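**Student:** Sharing a model that was predicted from the sequence below.
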Amino acid sequence: MNSTSVRRIGLFVAAVAALSGATACSSGSSGGSDQDDKASGKDASHLSPIAALRTAEKSTDGADSAKVESTTTMGSLMAMKADGALGWSDGLTGNLTITYTGGTMADTMRQLGTTSMQARYLPDAYYAKMGEKFAQQAGGKHWIRYGYDDLADLGGGSGAYLKDQMQNTTPNQSVKLLLASGDVKKVGTEKVRGVNTTHYAGTVDVADLAGKNSNLTASQLAGLKKQLTQAGVTTESVDIWVDDQDLLVKKTEKGQMSAGEYSQTAYYSDYGVKVAAEEPPAGDTEDFKELLKKQGGASAAP
């Protein structure tokens with residue numbers, strides 16, 4: 001593989017990493033019926049799963065920020081971990097450190113001189129800080145800017161969906177995912193990292209939920225469904241753990257892809273933590289689309 005190919009693939013690697021890191025906060029979008037299942041005068045332990053999850057969804061959304069730790073595996077393509085803090089009071093903001101721990105993407109990153117990168121999220125774009133070797137091959141600039149509108153244009157249905165998710169992502173989206181599925185059960189009470197929690201689980205139809213709970217056009221949805229089908233993605237299992245403050249503590253998602261099993265586990269703590277993220281220096285930042293044009297891959301995925 002020549003250096004140009006490595007650089008171009010590296011651009012997409014950084015995109016997948018930052019998107020996967022952020023989706024530790026979100027895998028679906030809104031849901032739940034309008035029916036009020038909450039029984040007045042009862043504490044959370046006596047509520048129906050639907051009512052309890054509605055309470056958790058509102059409490060988690062209102063917390064505005066949290067520390068996040070996550071691990072993600074996508075078949076043989078990628079294994080990664082992310083750690084940092086994200087806020088969602090006015091669009092997604094925050095910082096994550098993302099490290100590749102396995103898969104072909106880790107091999108590609110090694111060719112770029114690092115298996116770790118910084119991801120910085122702002123409401124209209126996110127930024128990936130690559131290693132020195134990449135900077136030497138990309139005009140000396142360390143940061144890559146990915147505008148969400150650009151991702152939508154380049155990625156077809158899946159790009160439009162990722163844009164939608166990135167701009168509406170909060171930890172409570174995993175709770176909404178279960179509410180929208182219509183398949184929710186209370187598993188029981190468990191301790192998660194020393195915290196008392198209630199465990200809920202369900203199974204969701206990925207394409208169906210994308211259609212019901214996103215702001216995509218009919219053509220974008222058709223493209224997304226085709227891409228999901230080609231990737232072998234149909235349903236996924238979702239488990240969440242909620243503490244006695246009605247805040248999400250942990251979530252897991254598992255599904256099958258043609259490339260292998262997909263799984264993600266995320267932990268949330270320190271709700272309300274101060275989060276600050278600023279645009280990197282303009283002189284040290286290159287735009288994703290401009291880099292692709294320079295390397296002859298403006299419309300082609302690696």
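**Tutor:** That came in fine, so what should we check first? Numbers count the residues shown, from 1 in each chain.

**Student:** which stretches of this structure form helices?
**Tutor:** Assigned by DSSP state H, the helices in the chain fall at 3-22, 49-62, 104-111, 132-137, 148-167, 172-181, 206-212, 218-230, 288-294.

**Student:** Contacts only, for residue 58.
**Tutor:** 172, 246 (C-beta atoms under 8 Å, 6 or more residues apart in numbering). (C-beta placed from N, C-alpha, C; glycine too.)

**Student:** and if we set it to 10 Å?
**Tutor:** Contacts for residue 58 (C-beta atoms under 10 Å, 6 or more residues apart in numbering) come out as 172, 175, 246.

**Student:** Kindly indicate the member of these with the most neighbours.
**Tutor:** Highest neighbour count within the contacts of residue 58, by other C-beta atoms under 10 Å: residue 175, with 31 neighbours.

**Student:** Looks like that one contacts residue 198 (just checking).
**Tutor:** No: contact between residue 175 and residue 198 fails when scored by C-beta atoms under 10 Å: they sit 12.0 Å apart.

**Student:** which neighbours do these two share?
**Tutor:** Shared contacts of residue 175 and residue 198, counting by C-beta under 10 Å, 6+ apart, come down to 52-53, 56, 240, 242, 246.

**Student:** Check these and tell me the two furthest apart.
**Tutor:** 240 and 246 (11.7 Å; C-beta to C-beta).

**Student:** quick one: low-confidence ranges for the protein?
**Tutor:** 1-46, 154-169, 206-217, 220-231, 233, 295-302 (pLDDT under 70).

**Student:** Determine the number of other residues adjacent to the closest residue to residue 286 other than its chain neighbours.
**Tutor:** Once flanking residues are discounted, residue 286 sits nearest to residue 141: 4.5 Å by C-beta to C-beta, 6 or more residues apart in numbering. Number of residues near residue 141 (other C-beta under 10 Å) recorded here: 20.

**Student:** Residue 265 now?
**Tutor:** By the criterion of other C-beta under 10 Å, residue 265 has 17 neighbours.

**Student:** ditto for residue 178
**Tutor:** Neighbours around residue 178, by other C-beta under 10 Å: 28.
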